[in-house]
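1. quick one, what's the 3D model for this:
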Amino acid sequence: MVDGKKLKKILTKIFINHGLSQNHANISSNALINAELVGAHTHGLARLKMYCDRINKKVINPKAKIKIKKISQSISQVDANSSIGFVAADIGIKEAIKNAKKTGIGLVGIKNSGHYGLSGYYAEQAVKKNLIVFCFTNAPPAIAPHGSKKRLFGTNPICFGSPTTSKVPFILDTSVSEINRGKIRVAAKTGKKIPVGVALDKFGKPTTDAKKALLGVQLPLGGFRGSGLAWMIDILSGVMTGANHGGKVKDPFDDLSGPQNVGHMFIAIKPNLFVGNFSQRIKENIKRVKRLPKIKGVKEILYPGQNKFKRFKKNLNKKIYISESIKKDLEYLNAK
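-> Numbering: from 1, shown residues only. Got it, this is the predicted structure:
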């Protein structure tokens, strides 16, 4: 167990030692710690060594010269210059927020980026500024398009955020696969089985063996519907932005042959563009859902983001658990 402030210092030092500026090291450290606090451990410290390995192999540029191209007052394109994904996404979401505050809507496409952690982390930044937001990103091949037994689309997260009039934002952050790929990696590492119906092996047969699943394909959420959503996100994040797409995004763990060139798309919108009483209407909308009769065993009907917010508040002042493998990573990276 380690105190959050102490962990922040350790992570920041590691990132600075790997060539990031103080500011970029802070941005990256905050994103990793946030993932731990909300319970998304597969997107937290478990990925630290991967980011550092990619910097060492010169496929993440720690001194990236990130460029913002203004297309209009509402629209911007960010060329991340192969920076660490946290920094590219932080710049991108702030640009989308700025554009939306100015014109009512902010659209930002990002290319030449990398894995940026949790989409909800960036969505929350926009919601705190009283904006509705969509966050899309593509990812390395993991999902077989509907009807195929070969993987091509990533798990391609889809995220939506909205103000709620309470301190707890509405944040829907999910992937289009039946299971998070990070969870399959953890299961493969610990020797645990994965659920039935979430993956096929390399021969196209259903499997509960995590290692075979990593060599095979993941199944999309809801069959052809999830496949269609994955394709949509690949078009928005990859085809539109100038990033890699159609199975060309490199795996951050296994492919060190070059930069990932991940693409992101952020859309921020003023919620009162069409109605002046959005706050009243969203409050009533949530109230109507929560008033519905509940099935046995359910105390409260929760909206997306409530559970994650509860975990964050619960863990905020607690020490963060560090597994033995993560401890070894931290000691190794800190020594370097």
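
2. residue ranges for the strands of the stretch 1-150 of the chain, please.
-> Residue ranges of the strands in the stretch 1-150 of the chain, as given by DSSP state E, counting those that start in this stretch, are 67-70, 75-79, 105-113, 132-137.

3. identify whichever of these lies nearest to G297.
-> strand 132-137 (32.5 Å; C-beta to C-beta). To be clear about C-beta, it is placed using only N, CA and C from the backbone, and glycine gets the same treatment.

4. report the distance from that closest one to the chain centre.
-> Chain-centre distance of strand 132-137: 10 Å, with C-alpha atoms, centre = their mean, to the nearest Å.

5. pull up the pairing partners for that strand, direction included.
-> strand 158-162 (antiparallel), strand 262-269 (antiparallel) (DSSP bridges).

6. what mean pLDDT does the last one get?
-> Mean per-residue pLDDT for strand 262-269: 98.

7. what is the burial count for V249?
-> Counted with other C-beta atoms under 10 Å, the neighbours of V249 add up to 28.

8. G258 is in contact with that one, correct?
-> No. The criterion here is C-beta atoms under 8 Å, and V249 misses it with G258 at 11.0 Å.

9. out of the strands paired with strand 132-137, which is the most enclosed?
-> Of all these, strand 262-269 carries the top mean neighbour count, a mean of 27, counting by mean count of other C-beta atoms under 10 Å.

10. now the angle from the next helix or strand after that one to strand 158-162?
-> For strand 262-269, the following helix or strand on the C-terminal side (DSSP states H and E) is helix 278-290. Interaxial angle, helix 278-290 versus strand 158-162 (axes from the mean of the first three to the mean of the last three C-alpha atoms, to 10 degrees): 110 degrees.

11. which residues sit against helix 278-290?
-> Identification of contacts with helix 278-290 by C-beta atoms under 8 Å, 6 or more residues apart in numbering yields 162-165, 170, 271-272, 275, 300-301, 303.

12. take the strands paired with strand 132-137 and write them to CSV, including distance to A35.
-> Converted to CSV, these look like this (distance: least, C-beta to C-beta, whole Å):
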stretch, distance to A35
strand 158-162, 14
strand 262-269, 17
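
13. of the ones you listed, which approaches H18 most closely?
-> The nearest among the strands paired with strand 132-137, by C-beta to C-beta, is strand 262-269 at 19.1 Å.

14. mind checking how far that closest one is from the chain centre?
-> 12 Å.

15. the nearest residue to G154 once chain neighbours are set aside and P157: what is the separation?
-> Excluding the flanking residues, the one nearest G154 by C-beta to C-beta, 6 or more residues apart in numbering is A139, at 2.6 Å. According to C-beta to C-beta, to the nearest Å, A139 and P157 sit 7 Å apart.

16. likewise L118?
-> 8 Å.

17. in the protein, which helix or strand is least confident?
-> helix 181-190 (a mean of 86; mean pLDDT, DSSP states H and E).

18. which elements pack onto the very next helix or strand once past that helix?
-> Under the assignment DSSP H and E, the closest C-terminal helix or strand after helix 181-190 is strand 199-200. Judged by 3 or more C-beta pairs under 8 Å, 6 or more residues apart in numbering; DSSP states H and E, strand 199-200 is in contact with helix 210-215, strand 217-218.

19. quick check: which ranges of the stretch 201-336 of the chain have low pLDDT?
-> 336 (pLDDT under 70).

20. swap the cut-off to 80 and go again
-> 335-336 (pLDDT under 80).
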